[in-house]
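>>> Dropping a prediction and its sequence here:
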Amino acid sequence: MTGRGSVSPSDRFFSCLVYILPLMETLVLVSQGITGGSLLAPVFALLVVPLSPIISIYYGFGGLLSFAVFLALYMLVVRNSELSHFLRYNVMQAILFGIVLSLMGIVWQYFLEAIFKNTIVAETLFNTIFLGGLVAVGYSVVQTALGRYAEIPAISEAVSNQVRY
């Protein structure tokens, strides 16, 4: 088991790679509410076009593949004490980003959509989620690429509680 001191280049690479999952969650969630008139629509399209084949595969099969990926990452990476703490920490953080975004999507779909669909409130909400998700994922990838632990309030604390040395 590797401690917090040493981080190999392969751990950095795979830790950065796993943040594609919350980025896809952000794009899928925001695609429910962002319209072409949004100021962020060009940035959104710039991210969606290259990731669209991966998104369609990942969310295919009625969501079963995304659930299988979640279970595989959690059981085979996060709970595997043979892997480095750095990798397990970042995988768990990416999983928690995805869970938070999924919960936001559920709240939107079942509670808020009927009230706020096609309003300025929905546009503001989805622009905020998009920017927040983009900043959180971007920050995490940069910190991970530098070999540092990305500390995000509340999420990182929950990750530290889940991932032990």
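Cool, got the structure. Residues are numbered from 1 along each chain as shown.
>>> So which residues of this structure form helices?
9-17, 20-31, 41-58, 64-73, 85-107, 113-116, 120-145, 155-162 (DSSP state H).
>>> Kindly report which one of the ones you listed carries the lowest mean pLDDT.
The weakest mean pLDDT among the helices of the chain belongs to helix 41-58, with a mean of 86.
>>> So which elements touch that helix?
Packing contacts for helix 41-58, counted by 3 or more C-beta pairs under 8 Å, 6 or more residues apart in numbering; DSSP states H and E, involve helix 20-31, helix 64-73. (C-beta placed from N, C-alpha, C; glycine too.)
>>> still on that earlier bit, ok, which of the helices of the chain comes nearest R79?
When the helices of the chain are compared by C-beta to C-beta, helix 85-107 sits nearest R79, at 8.1 Å.
>>> what about dumping the CA coordinates of the closest one to CSV?
Coordinates of each C-alpha in helix 85-107 appear next as CSV, following Å, rounded to 0.1, in the frame of the first residue of the first chain:
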residue,chain,number,x,y,z
HIS,A,85,-4.4,5.6,-1.6
PHE,A,86,-4.1,8.4,-4.1
LEU,A,87,-5.9,6.4,-6.8
ARG,A,88,-8.6,5.1,-4.4
TYR,A,89,-9.2,8.6,-3.1
ASN,A,90,-9.7,10.1,-6.5
VAL,A,91,-11.9,7.3,-7.7
MET,A,92,-14.1,7.7,-4.6
GLN,A,93,-14.2,11.5,-5.1
ALA,A,94,-15.3,11.0,-8.7
ILE,A,95,-18.0,8.6,-7.6
LEU,A,96,-19.3,11.0,-5.0
PHE,A,97,-19.4,13.8,-7.6
GLY,A,98,-21.5,11.5,-9.8
ILE,A,99,-23.8,10.6,-6.9
VAL,A,100,-24.4,14.3,-6.0
LEU,A,101,-25.1,15.1,-9.7
SER,A,102,-27.5,12.1,-10.0
LEU,A,103,-29.4,13.3,-6.9
MET,A,104,-29.7,16.8,-8.4
GLY,A,105,-31.1,15.2,-11.5
ILE,A,106,-33.6,13.2,-9.5
VAL,A,107,-34.7,16.3,-7.6
